[in-house]
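J.: quick one, fold the following:
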Amino acid sequence: MTDHITAPHPSQPSAENSDSPARPGLSRRRLLQGTAAMGGLLAFGTAVSASTAPAFAATVSRPDIISAESWGATAPSGSLSRIDRRPGHLVIHHTTHENASDFSDEAAREVARLIQRNHKTNGWADTGQQFTVARGGQMLEGRQGSLTAVVDGTRFIEGAHAYGFNDQSVGIEVDGMYMSDLPTDAQWDSLVHLSAFICERYGIDVDNIIAHRDAPGAQTLCCGDAFYAKLPALRKEVRSALAHGVDAGPGTSRDYPTVRRGDEGDAVRRVQVTLTGIGHQPGAADGVYGQATEQAVREYQSAIGTGVDGVVGPRTWGALATHHAAGATVRSGDAGTEVEYLQRGLKASDGADLATDGIFGEQTQAAVKGFQSSRSLTSDGIAGPNTWGALKSAR
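T.: The predicted model follows:
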């Protein structure tokens, strides 16, 4: 079964914090199915200040999380329980919405409102999960108070996402159905960033990032078979993010900022020029990310076999930066154009702090090892066919 939370019937609401079912088998997942999933592009949320500094150093930048207030949440219909300690687990879910291609910001906000409406209809006081990642990669607060709590790092708002385990965990819903499909690249990058931020703020061990199906007592196939198979890769990338830090987005370099429809500037112009050189048609290199540029990005993403979302994020940047490289094996001590392509690709896809000087030194070797580890490749520091393949295909 793909439905994974048994919810009370609206006419028989249960105690909010217990999430006890009044009608077994009536799931919030079924209530959400039949309504098109809505994703969107990364948006800026409402600023929240930390009230208490955590007892560990911050290396992962705070993600741009859209607050519940910003997406138009209604007031909770009951009290929300605050637990004054840190959760020990992070639970990953999927909504089982159809995998829609609407990546607008408004669509992401609407799916957050839809989830809240349905969860309150279930008899819950508010959205069940603490956070949501929309199809286009936006990160949204779910249960109200969760954003302030995670920034604080010493407490959390008890959710209604994993029956019997809510007082031990926080949950992230990834919008979509992932029994056979996978989340979009934008969703994946945001999930890595958000998960790393949550783990760092709360001191959660990366091994305690679990699927809902692995929560004690769960009877579900959530977060979908295909997505579940990728959770080891998620843990690896989160571990890498915690070790190396995340600045300005998951793996994003200041030289390669994430750009999307509606953006303007030099980064957009570089995308347009590069796509034109590859043989796509983004229109004039005017620095305006319009319909033609988005269509060209989608066609390029489809051609290289990656997720198609029309957003140029770290992985798509990495593919663009290395597109013209021959892919010759390079290693410590080598120098030349291929090394420069490699350095640019590592900067673009992983935010590596590298000079693009064409010299394969210790920093380049370390960056290659970090990239290989995050992509579940042999971490030998040698850029061979598998490493080039991962860069060129935006994996």
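J.: if you go through the stretch 251-395 of the chain in chain order, where are the helices?
T.: 266-278, 291-304, 314-322, 337-350, 362-374, 385-392 (DSSP state H, counting those that start in this stretch).
J.: let me have those in TSV, adding mean neighbour count and distance to residue 96 as columns.
T.: Backbone N, C-alpha and C define where each C-beta goes, glycine included. Formatted as TSV, the helices of the stretch 251-395 of the chain follow (neighbours: other Cβ atoms under 10 Å; distance: least, Cβ to Cβ, whole Å):
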stretch	mean neighbour count	distance to residue 96
helix 266-278	18	34
helix 291-304	19	25
helix 314-322	27	25
helix 337-350	24	30
helix 362-374	19	28
helix 385-392	20	30
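J.: mind putting the ones you listed into JSON lines with distance to residue 72 and mean pLDDT?
T.: Below are those laid out as JSON lines (distance: least, Cβ to Cβ, whole Å; pLDDT from 0 to 100):
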{"stretch": "helix 266-278", "distance to residue 72": "29", "mean pLDDT": "89"}
{"stretch": "helix 291-304", "distance to residue 72": "26", "mean pLDDT": "94"}
{"stretch": "helix 314-322", "distance to residue 72": "30", "mean pLDDT": "92"}
{"stretch": "helix 337-350", "distance to residue 72": "35", "mean pLDDT": "91"}
{"stretch": "helix 362-374", "distance to residue 72": "36", "mean pLDDT": "90"}
{"stretch": "helix 385-392", "distance to residue 72": "39", "mean pLDDT": "95"}
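J.: for those helices, which one sits closest to residue 331?
T.: Nearest of the helices of the stretch 251-395 of the chain to residue 331, taken as Cβ to Cβ: helix 362-374 at 7.7 Å.
J.: measure how the closest one sits relative to helix 385-392, angle-wise.
T.: 80 degrees (axes from the mean of the first three to the mean of the last three Cα atoms, to 10 degrees).
J.: check which helices and strands helix 362-374 sits against.
T.: helix 231-244, helix 337-350, helix 385-392 (3 or more Cβ pairs under 8 Å, 6 or more residues apart in numbering; DSSP states H and E).
J.: and the second one, C-alpha only, in CSV?
T.: Only the C-alpha atoms of helix 337-350 are listed here, as CSV (Å, rounded to 0.1, in the frame of the first residue of the first chain):
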residue,chain,number,x,y,z
THR,A,337,42.1,22.2,-20.2
GLU,A,338,40.4,19.0,-19.0
VAL,A,339,41.4,19.8,-15.4
GLU,A,340,40.0,23.3,-15.8
TYR,A,341,36.7,21.8,-17.0
LEU,A,342,36.7,19.5,-14.0
GLN,A,343,37.3,22.4,-11.6
ARG,A,344,34.5,24.4,-13.1
GLY,A,345,32.1,21.4,-12.9
LEU,A,346,33.0,20.8,-9.2
LYS,A,347,32.4,24.5,-8.4
ALA,A,348,29.1,24.5,-10.2
SER,A,349,27.7,21.2,-9.0
ASP,A,350,29.1,21.0,-5.5
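J.: out of the helices of the stretch 251-395 of the chain, which is closest to residue 63?
T.: Nearest of these (Cβ to Cβ): helix 314-322, 13.8 Å.
J.: ok, residue 206 - how many residues close by?
T.: Residues within reach of residue 206, counting by other Cβ atoms under 10 Å, total 18.
J.: now it: phi and psi?
T.: phi -60, psi -30 (degrees, to the nearest 10).
J.: quick check: it touching residue 238?
T.: Yes - in this structure residue 206 lies within contact range of residue 238 using Cβ atoms under 8 Å: 5.3 Å.
J.: need the residues touching each of these two.
T.: Shared contacts of residue 206 and residue 238 (Cβ atoms under 8 Å, 6 or more residues apart in numbering): residue 199.
J.: distance check, the nearest residue to residue 355 once chain neighbours are set aside against residue 362.
T.: Using Cβ to Cβ, 6 or more residues apart in numbering and skipping residues adjacent in sequence, the residue nearest residue 355 is residue 343, 7.2 Å away. The gap separating residue 343 from residue 362 is 13 Å, by Cβ to Cβ, to the nearest Å.
J.: equivalent analysis for residue 74, please.
T.: For residue 74, the distance to residue 362 - Cβ to Cβ - is 55 Å.
J.: got it, and residue 321?
T.: Distance from residue 321 to residue 362, by Cβ to Cβ: 21 Å.
J.: and if you look at residue 143?
T.: 45 Å.
J.: returning to that earlier point: the residue nearest to residue 355 contacts residue 361, correct?
T.: No - if you go by Cβ under 8 Å, residue 343 and residue 361 don't touch, sitting 10.1 Å apart.
J.: what about the helices in the stretch 101-250 of the chain?
T.: 105-121, 146-152, 185-202, 225-229, 231-244.
J.: now those as a markdown table including mean neighbour count?
T.: Below are those laid out as a markdown table (neighbours: other Cβ atoms under 10 Å):
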| stretch | mean neighbour count |
| --- | --- |
| helix 105-121 | 21 |
| helix 146-152 | 23 |
| helix 185-202 | 25 |
| helix 225-229 | 17 |
| helix 231-244 | 19 |
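J.: can you tell which of these is closest to residue 92?
T.: From those, taking Cβ to Cβ, the stretch that ends up closest is helix 231-244, at 6.8 Å.
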